[in-house]
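> generate coordinates for the sequence data below:
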Amino acid sequence: MDDYVEWLDRLWTRRLRPPRQPRPELSIGILLWPGFPMMSLGGIIEPLRHAADYADRSRPLYCRWSIMGDATVASCGIRVSADSGYVNPHEFDYVAVIGGLLPQLDQGAARHREYLRVAAAAGVPLIGACTGVFVLAQEGLLSGVKVCVHPFHQREFRMAFPRIPITTRQDFLEQGQRITVPGGVSILSLMAELIRRHCGPDRAAKAVHQLSLTERKGMGAFERARAAELRPVDDPRVQRAVVLIESLQGTGIAPKQVADTVALSLRQLTRLFRDALGMTPKHYILQTRLRHARFLVENSAMPMTAIALETGFADCAHFSSSFRSRFGASPTRVRDGSASVHG
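Residues are numbered from 1 along each chain as shown. This is a model prediction of the structure:
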């Protein structure tokens with residue numbers, strides 16, 4: 001008799017629809033254009049996969065992603081299948097379009113373009129990755145927005161869309177409901193920020209840690225030292241402030257502007273930063289600038305004067321003094337390998 005009941009249970013389990021899963025903390029819909037770069041697709045999915053579950057089980061519990069439409073051939077020739085049709089955009093926190101090779105942009109599905117317009121009208125933030133920024137511009141979805149493009153595509157974008165202001169000096173740029181990212185490793189920085197915003201800094205730290213391939217110094221936003229710095233921050237206003245500061249790499253932003261953006265007084269923001277991070281917003285901005293400066297010192301051939309200007313210092317002497325105070329060695333000694341750095 002017990003065997004018969006178990007058989008019935010198994011039968012009805014197969015017939016009944018599975019219970020609807022709860023909404024994830026972060027969900028991203030993806031549209032692929034012909035000739036898209038696999039690195040940009042992996043750059044979105046892999047951080048989500050690591051942040052979506054505990055350990056390395058990779059179940060899409062807390063983060064989900066969906067490639068919509070039809071199968072698409074990447075620039076490397078690999079054919080990637082879609083896993084769904086066109087989902088109601090309200091199911092997603094973001095919709096990302098990954099553009100392809102410029103000569104193939106016109107080959108994108110008309111339904112993709114229609115979906116982007118629907119998602120924009122629904123108020124869903126749109127991410128333009130790689131030449132996806134061209135697609136958003138073609139659809140008139142970047143009006144009044146400054147965008148971030150890859151230096152390789154700078155000339156073509158200026159020629160095609162002369163009225164849209166651009167930058168090539170940031171990992172990504174968020175302006176209202178539009179986020180633009182040049183692709184390549186920059187997309188990992190964007191995903192770390194989105195995961196931290198929606199899932200918390202602990203989940204972001206896990207994704208950063210899992211995607212750090214070596215103990216090499218200077219991994220930028222994805223170095224192991226950065227993972228250790230991602231302390232739990234519960235207050236969403238502090239989280240938004242940190243995202244803003246780090247998306248700009250600490251340059252061109254003042255504590256008062258940060259406070260205004262998150263609708264706080266400077267005094268309130270300072271108190272919250274002290275409680276959550278043990279430092280003032282001004283100090284956090286400086287630390288962010290210096291982390292970026294250290295990355296440039298260790299991983300580029302830029303002159304020290306250029307790095308000083310790039311990271312918002314008035315002169316090389318001020319830069320060198322601040323760098324030495326933070327890392328225990330001068331930029332020159334760090335570059336030539338004659339000194340190790342701390343912090």
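> what residues does the nearest residue to residue 154 once chain neighbours are set aside make contact with?
Sequence neighbours aside, residue 168 is the residue nearest to residue 154 in space, at 5.5 Å (criterion: Cβ to Cβ, 6 or more residues apart in numbering). Where you see a C-beta, it was placed from the backbone N, CA and C, and this is true even at glycine. Going by Cβ atoms under 8 Å, 6 or more residues apart in numbering, residue 168 touches 148, 149, 150, 151, 154, 182.
> out of those, who's nearest residue 277?
Distances from residue 277 to these, taken as Cβ to Cβ, are shortest for residue 148 (26.2 Å).
> tell me who's in contact with the closest residue to the closest one other than its chain neighbours.
Nearest non-adjacent residue to residue 148, counting by Cβ to Cβ, 6+ apart: residue 173, 3.9 Å away. Residues in contact with residue 173 (Cβ under 8 Å, 6+ apart) are 146, 147, 148, 167, 179, 180, 181, 247.
> okay, helices next: where are they in the stretch 101-250 of the chain?
All helices of the stretch 101-250 of the chain, identified by DSSP state H, counting those that start in this stretch, fall at 110-121, 132-138, 154-160, 186-199, 201-211, 224-229, 236-247.
> quick one: the residue nearest to residue 151 when sequence neighbours are not counted and residue 69, what's the gap?
Distance criterion Cβ to Cβ, 6+ apart; nearest residue to residue 151, sequence neighbours excluded, is residue 168 at 4.4 Å. Using Cβ to Cβ, to the nearest Å, residue 168 is found at 30 Å from residue 69.
> can you check residue 150 too?
Residue 150 sits 24 Å away from residue 69, going by Cβ to Cβ.
> rewinding a little: can you pull the phi and psi angles for the residue nearest to residue 154?
With angles defined as degrees, to the nearest 10, residue 168 sits at phi -120, psi 10.
> where does it land on pLDDT?
At residue 168, the model reports a pLDDT of 87.
> just the one 5 residues further on next, same as before
Listed pLDDT for residue 173 reads 94.
> could you check how far it is from residue 327?
Counting by Cβ to Cβ, the gap from residue 173 to residue 327 is 28 Å.
> as CSV, the helices of the stretch 101-250 of the chain with mean neighbour count, distance to residue 293 and mean pLDDT would be great.
Listed next are these as CSV, based on neighbours: other Cβ atoms under 10 Å; distance: least, Cβ to Cβ, whole Å; pLDDT from 0 to 100:
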stretch, mean neighbour count, distance to residue 293, mean pLDDT
helix 110-121, 16, 37, 93
helix 132-138, 25, 27, 97
helix 154-160, 13, 24, 92
helix 186-199, 24, 16, 90
helix 201-211, 21, 20, 71
helix 224-229, 16, 14, 42
helix 236-247, 20, 14, 77
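> closest one to residue 315 among those helices?
Of all the helices of the stretch 101-250 of the chain, helix 236-247 sits nearest to residue 315, with 22.7 Å by Cβ to Cβ.
> now what about the following helix or strand past that closest one, what contacts it?
Per DSSP states H and E, helix 236-247 leads on to helix 255-261 as the next helix or strand towards the C-terminus. Outside helix 255-261, the residues that touch it by Cβ under 8 Å, 6+ apart are 240-241, 244-245, 265-266, 268-270, 280-282, 285.
> buried set for stretch 248-260?
Within stretch 248-260, the residues scored as buried using 16 or more other Cβ atoms under 10 Å are 248, 249, 250, 251, 253, 255, 258, 259.
> so can I have JSON lines of those residues showing pLDDT?
Below are these laid out as JSON lines (pLDDT from 0 to 100):
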{"residue": "248", "pLDDT": "77"}
{"residue": "249", "pLDDT": "76"}
{"residue": "250", "pLDDT": "81"}
{"residue": "251", "pLDDT": "85"}
{"residue": "253", "pLDDT": "88"}
{"residue": "255", "pLDDT": "94"}
{"residue": "258", "pLDDT": "91"}
{"residue": "259", "pLDDT": "93"}
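> show me where pLDDT drops low in the protein?
For the chain, applying pLDDT under 70 flags the ranges 1-22, 54-56, 202, 205, 209, 212-234, 247, 339-343.
> now do the strands in it.
26-32, 63-67, 72-73, 79-80, 94-98, 126-129, 147-148, 166-167, 173-175, 178-181 (DSSP state E).
> where's residue 269 relative to residue 259, distance?
4 Å.
> give me the common contacts of the two.
241, 281.
> hang on, residue 320 packs against residue 331?
Yes: using Cβ atoms under 8 Å, residue 320 makes contact with residue 331 at a distance of 5.9 Å.
> ok, these two, which is more surrounded?
Counted by other Cβ atoms under 10 Å, residue 320 and residue 331 do not tie: residue 331 has more neighbours, with 24 against 16.
> please report how far that one lies from residue 236.
Separation of residue 331 from residue 236 (Cβ to Cβ) stands at 36 Å.
> and for residue 114?
Going from residue 114 to residue 236 by Cβ to Cβ gives 33 Å.
> residues contacting residue 197?
Residues in contact with residue 197 (Cβ under 8 Å, 6+ apart) are 239, 240, 243.
> same deal with residue 180?
Residues near residue 180 by Cβ under 8 Å, 6+ apart: 127, 128, 132, 133, 136, 145, 147, 148, 149, 172, 173.
> would you mind giving those residues as a markdown table with distance to residue 304 added?
Below are the contacts of residue 180 laid out as a markdown table (distance: Cβ to Cβ, whole Å):
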| residue | distance to residue 304 |
| --- | --- |
| 127 | 35 |
| 128 | 34 |
| 132 | 35 |
| 133 | 32 |
| 136 | 37 |
| 145 | 34 |
| 147 | 30 |
| 148 | 25 |
| 149 | 27 |
| 172 | 26 |
| 173 | 26 |
